[in-house]
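1. Any chance you can model this:
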Amino acid sequence: MAITVTDRQPVDRAEQILTPKALAFLEELHRRFAGTRNGLLEARQAKRDGVARTSRLDFLPETQEIRDGDWKVAEAPAALRDRRVEMTGPATPAKMAINALNSGAKVWLADLEDASTPTWANVIDAILNLRDAATGTLAFTSPEGKEYKLRTDAPLAVVVARPRGWHMPEKHLLIDGEPAVGALVDFGLHFFHTAKQLLLNGHGPYYYLPKMESHLEARLWNEVFVFAQDFLGIPQGSIRATMLIETIPAAFEMDELLYELRDHASGLNAGRWDYLFSIIKYFRDAGEEFVLPDRASVVMTAPFMRAYTELLVKTCHKRGAFAMGGMAAVIPNRRHPEVTEAAFAKVRADKTREANDGFDGSWVAHPDLVPTCREVFDAVLGERANQLDKQRPDVSVTADQLLDIASADGQVTESGLRLNLYVAVAYTAVWLSGNGAVAIHNLMEDAATAEISRSQVWQQIRNKSVLADTGNTVTRELVEKILGEETERLRTEFGDEAFRRYYQPASKLIAEICLSEDYTDFLTTPAYELVG
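-> Down below sits the predicted model:
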């Protein structure tokens, strides 16, 4: 096996990350695990094909013994026992990383996935920033001379890094001429350059694992972790992983996912936006009963979403694992106090529901929201670090409840269709420019919300959905018309130069995947071919 780096200097100091020893570690990870990953991606498709025939998912009969068993995950290390507020965001540029670490949150989800465009420069800069954060040397001076440094007056957020999902390639690292596995590149470089230092700091190499669809994918991560710890000579169990339950098949395997990673598992997270995207993707051709209303209408109190979150809390606490709440996507606007007031009210209501349900902490997307989330969880937790003691014997969730999509209130409207097309193009354009976390209409959008938007359009075309506000039927011709209007709107908002570079190719891509007869599994896969 031979490893090739297409660009060894995407950013300054890249040679400190792309060292011969680090590349040798990546090569070994791929030699051992890439083949299994490829097979698991094929298994995903086979399972989806079955759902296309039956319109059904269920709990696995072959793992009933695991669900019925009396076992727990390993006890959490001290650094991860209090997770009441988690700040999320990309690990590049350095300014954003410093602001997240200084935010007052207990944890920073340092995102190399949905909130980060995986340009080669972004990938390497993120690892540099996380390495410098671990050594305490991360700093940045803006062109205007403003200095950003790590605070010393209060604890920094504990870093939990999120690598890319199993499906994403890394085209700038070739192994035997084939693109490397993005997840193994992100994990491998971060682990190799930070694990020992993080342990010296009293923390450890901690990860969020995204977009898994089966416990066999968790088993693969466990095998990667065992090998990596032996490779660096650090104790087994040093790595801790929180898995995102953000696909509908994973919702039926929560126990099994924790079991496979039980020596390394820290908890599960309710990844609500990707979860909705996954429901649309999985049941896109299952008929009208699986067509969700406008995205803005789908709230966490919908019965099928309540079933999902309550099952997550029950499963986690039964196994001694943390249940982490979902993203507060609303963001404050310092120039418009009324917007900020509304954002705080929405976050407070959302986090209050989660804290009362038994979640041990939750996510926010902006540093200004950290105090609100902390205050809500402080009121429920008191002096406790978490509420693992809150069992939920009252919860009993069936497959029918998880799949009761028709129970969601709301309608499919032309205004919702228009918003979906606007957001899909606007987000994709900014993603193509190299930024994966985008504020649109006072909401922090990442790849998950763009995925929902374009997937709803595809599904509505296929189902010939009738729009409640206009009576029109969703057809390719209607979508083309509205997409053209929203694209022109973006031209007037952002100007001809940005339009030509980013918004026009984004609109072309959204048109291709929304109007195609074949469904595209991930928007970011074809978009990745358009970035450096």
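2. drop to CA atoms for contacts and neighbour counts, all remaining ones
-> Fine.
3. now the strands for the stretch 401-532 of the chain?
-> Ranges of strands within the stretch 401-532 of the chain are 438-440, 443-445, based on DSSP state E, counting those that start in this stretch.
4. Please apply the same query to the stretch 1-150 of the chain.
-> Using DSSP E, counting those that start in this stretch, strands in the stretch 1-150 of the chain cover 3-5, 85-90, 107-111, 139-141, 147-149.
5. The first one pairs with which strands, parallel or anti?
-> Strand 3-5 pairs in its sheet with strand 169-175 (antiparallel), by DSSP bridges.
6. Show me which positions of the helix or strand following the strand it pairs with end up buried.
-> Sequence-wise, the next helix or strand downstream of strand 169-175 (DSSP states H and E) is strand 178-181. The neighbour-count check on strand 178-181 (16 or more other CA atoms under 10 Å) flags 179-181 as buried.
7. Report the angle between the longest helix anywhere in the chain and strand 169-175.
-> Looking across the chain with DSSP state H, the single longest helix is helix 20-54. Counting by axes from the mean of the first three to the mean of the last three CA atoms, to 10 degrees, helix 20-54 lies at 130 degrees to strand 169-175.
8. Give me the distance between helix 20-54 and the centre of its chain.
-> 19 Å (CA atoms, centre = their mean, to the nearest Å).
9. For that helix, buried residues please.
-> 22-23, 25-30, 33-34, 37, 40, 48, 51.
10. Could you single out the nearest of those to residue 286?
-> residue 51 (8.5 Å; CA to CA).
11. my read: that closest one touches residue 57, true?
-> Yes: counting by CA atoms under 8 Å, residue 51 touches residue 57, with 6.8 Å between them.
12. buried residues in the least confident helix or strand in the chain by mean pLDDT?
-> Here the helix or strand of the chain ranked lowest by mean pLDDT, DSSP states H and E is strand 443-445, holding a mean of 74. Using 16+ other CA under 10 Å as the test for burial, strand 443-445 gives 444-445.
13. got it, and stretch 463-483?
-> In stretch 463-483, counting by 16+ other CA under 10 Å, buried: 463, 465-467, 473-476, 479, 482-483.
14. Pull up the per-residue confidence for residue 340.
-> For residue 340, the model assigns a pLDDT of 82.
15. I'd like the numbering to begin with 647 instead of 1 from here.
-> Sounds good: first residue 647 from here, last item residue 986.
16. just to confirm, which helix or strand has it in it?
-> Per DSSP H and E: helix 983-1003 holds residue 986.
17. Beyond that helix, next helix or strand please.
-> strand 1007-1010.
18. Could you please name the strands that following strand pairs with and the direction of each pair?
-> In the sheet, strand 1007-1010 lines up with strand 731-736 (parallel), strand 968-974 (parallel) (DSSP bridges).
19. what's that strand in contact with?
-> 729-734, 969-975, 997, 1000-1001, 1016, 1019, 1023, 1032 (CA atoms under 8 Å, 6 or more residues apart in numbering).
20. Please repeat the previous calculation with a cut-off of 6 Å.
-> Residues outside strand 1007-1010 that contact it (CA atoms under 6 Å, 6 or more residues apart in numbering): 729-733, 970-974.
21. and stretch 948-958, how far from the chain's centre?
-> 19 Å.
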